[in-house]
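Engineer: based on what follows, work out the 3D shape:
(chains A, B, C and D)
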Number of protein chains: 2
Amino acid sequence: MKKEELLKKIGEQIRVIRIKKGLTQKQLAHLIGKDQQSIQRLEAGNINPSYIYLCEIADGLNVSLLDILNSLPA
Amino acid sequence: MKKEELLKKIGEQIRVIRIKKGLTQKQLAHLIGKDQQSIQRLEAGNINPSYIYLCEIADGLNVSLLDILNSLPA
DNA sequence: GGTCAATACAACGTATCCGTTGTGCGATAT
DNA sequence: ATATCGCACAACGGATACGTTGTATTGACC
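Structural biologist: Numbering: from 1, shown residues only, chains lettered A, B, ... in the order given. Next up, the predicted model:
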């Protein structure tokens, strides 16, 4: 699969979970010591986040990284 | 969990799977267009790999990223 | 002894991440 | 009209990933 597609898919999935949890981008960002723009770029698929970054996001969403990857659209 | 621990754990897990598949660092590297040193640093936990990098590694190992994360020691 | 394979560490350069600031735009509310 | 909220995009800068080269160590094999 193409790199851009992979990034868009995981970004969209993170957005879905964030909204399901009732959080705004800013709220999620502040939970993990980042700012809203960071979350925006991630969800838009504009960056290639590091493993640690993904772990932090999962932590802020109160799910495991497995939960995020598990529900990725094929 | 500490950042260094997370990186060491995933590095060790990648090494375990690579060896189970009977590959050397160099062979795995060349399968995905990288070189031996990159794999060495990853397995040693010396870098914080990107999502795409992890996807490439999983691809080279012929497993899914979920398979790698699933078997991480708690 | 010599050679080769496998792994490890260090250093350099380019590319990229990611934190941050600034700006804009639509929707809602007062 | 103005303020506020949620989200988007661009640019700058410091930090770091990662490709690459070079080198060291260990062990197997001749």
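Engineer: when you work out contacts or count neighbours from here on, use the C-alpha atoms and nothing else.
Structural biologist: Will do.
Engineer: show me the contacts for the one residue in chain A that gets nearest to DNA strand C.
Structural biologist: When distances are taken as CA to the nearest atom of the strand, chain A approaches DNA strand C most closely through residue A:49, which lies 3.1 Å from it. Applying CA atoms under 8 Å, 6 or more residues apart in numbering or on different chains, we find residue A:49 in contact with A:42, B:50, B:51.
Engineer: low-confidence ranges in chain A?
Structural biologist: Flagging of chain A using pLDDT under 70 yields the residue ranges A:73-74.
Engineer: count of neighbours near residue A:71?
Structural biologist: The tally of other residues near residue A:71 (other CA atoms under 10 Å in any protein chain shown) stands at 12.
Engineer: how close does the most centrally placed residue in chain A sit to residue A:29?
Structural biologist: If you average the C-alpha coordinates of chain A and look for the closest C-alpha using CA atoms, centre = their mean, you land on residue A:14, 3.6 Å from that point. For residue A:14, the distance to residue A:29 (CA to CA, to the nearest Å) stands at 12 Å.
Engineer: next, show the common contact partners of those two.
Structural biologist: Once CA under 8 Å, 6+ apart is applied, it turns out that residue A:14 and residue A:29 contact no residue in common.
Engineer: coming back round to it: filtering the contacts of residue A:49 by proximity to DNA strand D, which remain?
Structural biologist: Checking the contacts of residue A:49 against DNA strand D by CA under 7 Å from any atom of the strand, the ones in range are residue B:50.
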